[in-house]
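K.L.:
Prediction below, plus the sequence it came from.
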Amino acid sequence: MQHIISIRDFSRRDLDHLLDRAEDFAAGGYDRNLLAGKIVALLFFEPSTRTRMSFASAMARLGGDSISVDSVEASSIAKGETLADTIRVVSGYTDAIVLRHPKEGAARLASEFATVPVINAGDGAGQHPSQTLLDLYTIRKSMDIDGLEVGILGDLRYGRTAHSLAYALSLYQVTLHTIAPRGLEFPEGLNHELHDRGMEVKAHRDVKEIIRDLDVLYITRIQKERFPDLGSYYDVASSYRITPETLQGVKDRLILLHPLPRVDEIDPRVDSTPHARYFEQSRNGVPVRMALLSEVMR
Amino acid sequence: MTPGAQNRTLLVSQIKDGTVIDHITAGEALNVLTILGIAGTTTESLSIATNVASGREGRKDIVKIERRELRKEEVDRIALIAPHATINIIRDYEVVEKKGVTIPRVIRAVVKCPNPGCISNASEPIESAFEVLPKGLHCLYCDWMITKDIASHII
């Protein structure tokens, strides 16, 4: 039985295989009844719109059904049931479980108690492998991943999508440029780990000093709650905002990605430039999740 | 008899049957007992010597546990904080078995994950689990790394 828990569990071959599968699904020539008769549980203990809807959409496109809990407050979890028990019970109703949970490591725990495959759809500040796969997929649709100069900008200290993507990119020949405000840099441990895995990581404070060399810029949200007051947040956030002016002189093939939702990080005027790929990236969530669902329920 | 050996004899007397854990990193004897689950309320007779002069380590701790033979998988758990410890099984005053400790690949229920957001700290029916890596301990649930002061995280 195969679980999808952490991007760390994947080899480059595994990733490429899943991305190939996603490409096949996106091309449209697939069996619409591939998962007919199968049921997936969408077990979301935290609010989510995109991830949950794109998993439901992916399952429906493959002919399968999904069932979910409408609200955690009204469920047995509110009565104090352990996650382990919930997973054991839901395993009996479905053929796979997609789990989002506020605690880190929740999906790993679920995989120990489930009798069906578990797909991690985000565990607290931890892993969110389907997001990373769709990020990689979006890059690969534009260009070969090997040889790229990739920038990751924003809150790199707490941003799980940034950590996960950096880790996945370390399986490819990529130079990574981190661009973060003071205090929100990549955790030291992760920097060491990437270095040990043979990745060149260069830290920058100002996006302008590096943006012209980049092929990919992955933008993440800087959260207000990380700052002592709104004033210092706006100071920092405005200097990390991507505008049409920031993009002057960049490579033609530069693509801008963002896991969404965005707040102030990208000026809406950027949306109409050929560099903006974040909405396409969001759409890619469906074929990527079709690949994941079909992989675990083969 | 060397002066060091004489000191040891004075500090900790011989036991008839049981286990002697020797060459414990100085100052770690009480942590070793914690890991082995031996507390003041357990029934074993214990002798503990700390900061004993030793040619090999300079200073070391020794623990003697009477009438209990520790199994290898029990004592391997102490390897994290006392990697040079040796285990002597004593029967009728004779050392019948002597072995070192091996650092296990995964340790369960020994160390508490320092990440408050880790599922292993929630009320779930699981034990903490860490992979032992050259750099430290890696939580198998939340990926947290403990790189220093492992003893302070012992459950």
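P.N.:
Yes, it's here.
K.L.:
what residues are up against the residue in chain A that chain B sits nearest to?
P.N.:
In chain A, the residue that lies nearest chain B is residue A:105 (2.8 Å; C-beta to the nearest C-beta). To be clear about C-beta, it is placed using only N, CA and C from the backbone, and glycine gets the same treatment. By C-beta atoms under 8 Å, 6 or more residues apart in numbering or on different chains, the contact set of residue A:105 is A:123, A:126, B:118-120, B:139-143.
K.L.:
and if you look at residue B:74?
P.N.:
Contacts of residue B:74 by C-beta under 8 Å, 6+ apart are residue B:36.
K.L.:
Distance from the least confident helix or strand in chain A by mean pLDDT to the middle of the chain?
P.N.:
Using mean pLDDT, DSSP states H and E, the weakest-scoring helix or strand in chain A turns out to be helix A:230-239, at a mean of 84. Put simply, helix A:230-239 sits 25 Å off its chain's centre (C-alpha atoms, centre = their mean, to the nearest Å).
K.L.:
Stretch A:109-126 too?
P.N.:
Centroid separation for stretch A:109-126 versus its chain: 15 Å, with C-alpha atoms, centre = their mean.
K.L.:
Return the set of buried residues in that stretch.
P.N.:
Residues of stretch A:109-126 classed as buried under the neighbour-count rule (16 or more other C-beta atoms under 10 Å in any protein chain shown) are A:109-111, A:113-114, A:116-126.
K.L.:
Could you dump the contacts of residue A:105 into CSV and include pLDDT and secondary structure?
P.N.:
CSV is the format used below for the contacts of residue A:105 (pLDDT from 0 to 100; DSSP: H, G, I helix; E, B strand; the rest coil):
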residue, pLDDT, secondary structure
A:123, 91, strand
A:126, 83, coil
B:118, 95, strand
B:119, 96, helix
B:120, 97, helix
B:139, 95, strand
B:140, 95, coil
B:141, 95, coil
B:142, 92, coil
B:143, 89, coil
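K.L.:
Same list, those, but as TSV with distance to residue B:73 please.
P.N.:
Below are the contacts of residue A:105 laid out as TSV (distance: C-beta to C-beta, whole Å):
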residue	distance to residue B:73
A:123	31
A:126	30
B:118	25
B:119	25
B:120	21
B:139	21
B:140	18
B:141	22
B:142	25
B:143	26
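K.L.:
Most neighbours out of those, which is it?
P.N.:
Highest neighbour count within the contacts of residue A:105, by other C-beta atoms under 10 Å in any protein chain shown: residue A:123, with 30 neighbours.
K.L.:
so where's chain B shaky on pLDDT?
P.N.:
B:1-12, B:40, B:56-57 (pLDDT under 70).
K.L.:
hmm, back to that, farthest-apart pair in the buried residues of stretch A:109-126, please.
P.N.:
A:116 and A:125 (26.0 Å; C-beta to C-beta).
K.L.:
Can you read off the pLDDT for the residue of chain A closest to chain B?
P.N.:
On the pLDDT scale, residue A:105 is placed at 96.
K.L.:
okay, now the domains of chain B?
P.N.:
B:3-100, B:106-153 (automatic domain parsing).
K.L.:
Among these, which comes closest to residue A:285?
P.N.:
domain B:106-153 (23.5 Å).
K.L.:
near chain A, anything from the closest one?
P.N.:
Yes. Domain B:106-153 is in contact with chain A by C-beta under 8 Å from any C-beta of the partner chain, via B:115, B:117-120, B:122-126, B:135, B:139-145, B:147.
K.L.:
separation between whichever residue of chain B sits closest to chain A and residue A:294?
P.N.:
Chain A sits closest to residue B:141 of chain B, with a gap of 2.8 Å, by C-beta to the nearest C-beta. Between residue B:141 and residue A:294 the computed distance is 27 Å (C-beta to C-beta, to the nearest Å).
K.L.:
Quick check: longest helix in chain A by residues?
P.N.:
helix A:12-27 (DSSP state H).
K.L.:
what's the distance between it and the middle of its chain?
P.N.:
On C-alpha atoms, centre = their mean, the centre of helix A:12-27 falls 16 Å from that of its chain.
K.L.:
what's the answer for stretch B:71-88, then?
P.N.:
Chain-centre distance of stretch B:71-88: 5 Å, with C-alpha atoms, centre = their mean.
K.L.:
Okay, buried residues for it please.
P.N.:
Buried-residue list, stretch B:71-88, by 16+ other C-beta under 10 Å: B:75-82, B:85, B:87-88.
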